[in-house]
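Enquirer: here are the coordinates; sequence isn't available:
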């Protein structure tokens, strides 16, 4: 599951560092702007069928690859319940 | 034809002078004239005099120029096909040319064209050039007859044969022999590009036109820069003709300088953009040599503008000019899209047996002058120097912004530590989703890994608006080159 999320993230951020450094700050390092973030959420919806509205989560909650994976995984869990 | 007259005259006056030399041998002006005459006699007996083109298949053997001249002297234009081309492309070209008789003076492997072709291999070519009928009623070539046909890769993948007439070439040579302050008789040229790439016309025929010696380096020798430099030094090369990418490969070798290559008088560039960094490094390594930038498409006989790059131009930075149009050529900039239009006496009559593509790219200007739409974009400065800005097909639209990929490349090269750069679009879900920047860096100045990539993006951000910053920066040891030694952007587009 993590692997699929990382593949999407790498495709969006266009830099392999998102795999190498799970705690890198994506916004701060210029790896993800707001448009990329929206595209990322669309791809997550396409891939996993979960809808996350951009306003549902704060920037802080999705600041790093590790945090993003956490958010997506917890949504997937909720969906299964 | 003035070119043929001059070769004959040099053969008569100073016949033992070397006309062409490669690692596999050399040929004097006397033998070049004599052997091409005999081979022409053989061809006249062999083929109907219908002016149909003939493929000459080979690489850098001294028999190549013999075959070229033999074709022309027997009334047939020639079509050079390099041994480095893929089989598919070779067969595509042979299919379009439509002539079943082929000259292959460098190989006994005559099967590459497939069945149905009669291929005159190495031994037979050599024999015909030695023993062909001496009498040759060498026809005075009409200026409008074709001299050569060189194929360029069409964007659809189907090759297009650019027809260059005797007059086109003659007009070009009248000008090219005056480049770099005028080529003195008996000079020495470097021949590096495959003959299937019209850059080679610059050195081969400017060389023969001026009674000079052409020193050819084959692909294998080009792989070993030290051995190649020793060969060039031993042969006293004076005029360097190559793509900028080829010179960049040589510059990676620290010994590539005027101490080893004492005789270099000028570097003549064509075929792709000359980056200011490359010009600066050459000026630094060869302070006494001229660096000449030229511009032009195959469709207008090698090139139509030239300028000597000065230290002042290098200091100014940014894009280098490509120069002023030669006499007999007029360049117009289309107002709506800045496309460069070339009109004049070196513009090809069109593509061989391809009326549709000819009509799409060629036009007739005032007083019947031939014109060609280059697909390049450009502008003139207040001194009348032309600058190439990019290609119409290298403009992308990203999030509503129009971006010139070449503009991004030029700015990447302004960053300290970036020595080469190529920017290509990447396609995501069927549309252009952004840009990938491939760069070669000096590892002393740019750190490895993410920090290096980030640094490049940040530095570029100081030069360009954020929508012009490539999303992805990929650091490579070297950029891939095509068989013609240009940056292989198509291959980079396929790299993820």
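Expert: It's in. Because the structure is a prediction, the values reported are computed rather than measured.

Enquirer: got the residues of the stretch 351-496 of chain B near chain A?
Expert: By Cβ under 8 Å from any Cβ of the partner chain, the residues of the stretch 351-496 of chain B that approach chain A are B:399, B:426, B:428, B:434, B:436, B:449-450, B:453-454, B:457-458, B:471-473. In short, each C-beta sits where N, CA and C put it, glycine included.

Enquirer: quick check: closest non-adjacent residue to whichever residue of chain A sits closest to chain B.
Expert: Taking Cβ to the nearest Cβ, chain B has its nearest neighbour within chain A at residue A:14, 3.5 Å off. Spatial nearest neighbour of residue A:14, excluding adjacent residues (Cβ to Cβ, 6 or more residues apart in numbering or on different chains): residue B:472 at 3.5 Å.

Enquirer: could you do residue B:287 as well?
Expert: Residue B:287's closest residue in space is residue B:258 (Cβ to Cβ, 6+ apart), at 6.9 Å.

Enquirer: remind me which residues of chain A are low pLDDT?
Expert: Low-confidence segments of chain A (pLDDT under 70): A:81.

Enquirer: so which residue is dead centre in it?
Expert: Closest residue to the average C-alpha location of chain A: residue A:68 at 4.2 Å, with Cα atoms, centre = their mean.

Enquirer: ok, and the closest non-adjacent residue to that one?
Expert: With Cβ to Cβ, 6+ apart as the criterion, residue A:68 has its nearest non-adjacent residue at 5.0 Å, and that residue is residue A:62.

Enquirer: again with residue B:281
Expert: Going by Cβ to Cβ, 6+ apart, residue B:281 has residue B:251 as its nearest residue, at 5.3 Å.

Enquirer: give me the neighbour count for that neighbour.
Expert: Taking other Cβ atoms under 10 Å in any protein chain shown as the criterion, the count of residues near residue B:251 is 19.

Enquirer: tell me where chain A has helices.
Expert: A:2-13, A:17-20, A:34-48, A:65-80 (DSSP state H).

Enquirer: buried set for the last one?
Expert: Buried residues in helix A:65-80, counting neighbours by 16 or more other Cβ atoms under 10 Å in any protein chain shown, are found at A:65, A:67-69, A:71-72, A:75.

Enquirer: could you point out which of these is nearest to residue B:111?
Expert: Set against residue B:111, the nearest of the buried residues of helix A:65-80 by Cβ to Cβ is residue A:65 (55.3 Å).

Enquirer: run through chain B and note the low-pLDDT ranges.
Expert: Ranges of chain B meeting pLDDT under 70: B:135-139, B:154-157, B:496.

Enquirer: show me it divided up by domain.
Expert: B:2-316, B:399-494 (automatic domain parsing).

Enquirer: give me the distance from the first one to the chain's centre.
Expert: Its chain's C-alpha centre lies 10 Å from the corresponding centre of domain B:2-316 when counted by Cα atoms, centre = their mean, to the nearest Å.

Enquirer: backbone phi and psi for the residue in the stretch 101-250 of chain B positioned nearest to chain A, please?
Expert: In the stretch 101-250 of chain B, the residue that lies nearest chain A is residue B:245 (25.7 Å; Cβ to the nearest Cβ). Phi and psi for residue B:245, reported as degrees, to the nearest 10, are phi -60, psi -40.

Enquirer: how near is residue B:51 to chain A?
Expert: Noted for residue B:51: a distance of 54 Å to chain A, by Cβ to the nearest Cβ, to the nearest Å.

Enquirer: now that residue, nearest residue through space, not along the chain?
Expert: Of all residues not flanking residue B:51 in the chain, residue B:75 sits nearest, at 5.9 Å (Cβ to Cβ, 6+ apart).

Enquirer: residue A:37 too?
Expert: Nearest in space to residue A:37, with sequence neighbours left out and distances taken as Cβ to Cβ, 6+ apart, is residue A:54 at 6.4 Å.

Enquirer: and the one you found, what is it in contact with?
Expert: By Cβ atoms under 8 Å, 6 or more residues apart in numbering or on different chains, residue A:54 lies in contact with A:34, A:37-38, A:41.

Enquirer: now a PyMOL select for only the buried ones of the residues you listed.
Expert: Buried members of those, identified by 16+ other Cβ under 10 Å, are gathered into one PyMOL selection as follows:
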select buried, chain A and resi 37+41
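
Enquirer: now the contacts of residue A:54 in JSON lines, with distance to residue B:300?
Expert: JSON lines is the format used below for the contacts of residue A:54 (distance: Cβ to Cβ, whole Å):
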{"residue": "A:34", "distance to residue B:300": "48"}
{"residue": "A:37", "distance to residue B:300": "49"}
{"residue": "A:38", "distance to residue B:300": "47"}
{"residue": "A:41", "distance to residue B:300": "51"}
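
Enquirer: flag every buried residue along the helix or strand where residue B:40 lies.
Expert: Residue B:40 belongs to helix B:29-46 when elements are defined using DSSP states H and E. Across helix B:29-46, burial judged by 16+ other Cβ under 10 Å covers B:29-44.

Enquirer: same check, this time on stretch B:484-491
Expert: Those would be B:484-489, for stretch B:484-491 by 16+ other Cβ under 10 Å.

Enquirer: and for stretch B:353-362?
Expert: By neighbour count on 16+ other Cβ under 10 Å, the buried set for stretch B:353-362 is B:354, B:357-358, B:361-362.

Enquirer: so which of those residues are in strands?
Expert: residue B:362 (DSSP state E).

Enquirer: redo the buried residues of stretch B:353-362 as a markdown table? Include distance to residue B:52.
Expert: Listed next are the buried residues of stretch B:353-362 as a markdown table, based on distance: Cβ to Cβ, whole Å:
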| residue | distance to residue B:52 |
| --- | --- |
| B:354 | 16 |
| B:357 | 20 |
| B:358 | 18 |
| B:361 | 24 |
| B:362 | 22 |
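
Enquirer: thought residue B:239 was touching residue B:269?
Expert: No: the pair formed by residue B:239 and residue B:269 falls short of the contact definition of Cβ atoms under 8 Å, at 11.6 Å.

Enquirer: thinking again about what came up before, which one among the buried residues of helix B:29-46 gets closest to residue B:234?
Expert: Nearest to residue B:234 among those, with distances taken as Cβ to Cβ, is residue B:29, at 20.5 Å.

Enquirer: so what's the closest one up against?
Expert: With Cβ under 8 Å, 6+ apart, residue B:29 has these contacts: B:7, B:10-11, B:14-19, B:211.

Enquirer: show me how to select, in ChimeraX, the buried members of these.
Expert: ChimeraX command restricting the contacts of residue B:29 to the buried ones, with burial defined by 16+ other Cβ under 10 Å:
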select /B:7,10,11,17,18,19,211
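
Enquirer: which one of the contacts of residue B:29 is nearest chain A?
Expert: Once Cβ to the nearest Cβ is applied, the member of the contacts of residue B:29 that ends up nearest chain A is residue B:19, at 53.0 Å.

Enquirer: sec struct for that closest one, please.
Expert: Here residue B:19 is strand, with the state taken from DSSP: H, G, I helix; E, B strand; the rest coil.

Enquirer: now, among the buried residues of stretch B:484-491, which is nearest to residue B:404?
Expert: residue B:489 (13.9 Å).

Enquirer: what's the closest non-adjacent residue to that closest one?
Expert: Per Cβ to Cβ, 6+ apart, closest to residue B:489 is residue B:424, 5.4 Å.

Enquirer: doesn't that neighbour lie inside a strand?
Expert: Yes: assessed with three-state DSSP, residue B:424 lies in a strand.

Enquirer: that one and residue B:457: what is the separation?
Expert: For residue B:424, the distance to residue B:457 equals 16 Å [Cβ to Cβ, to the nearest Å].

Enquirer: one more: residue B:22?
Expert: Distance from residue B:22 to residue B:457, by Cβ to Cβ: 45 Å.
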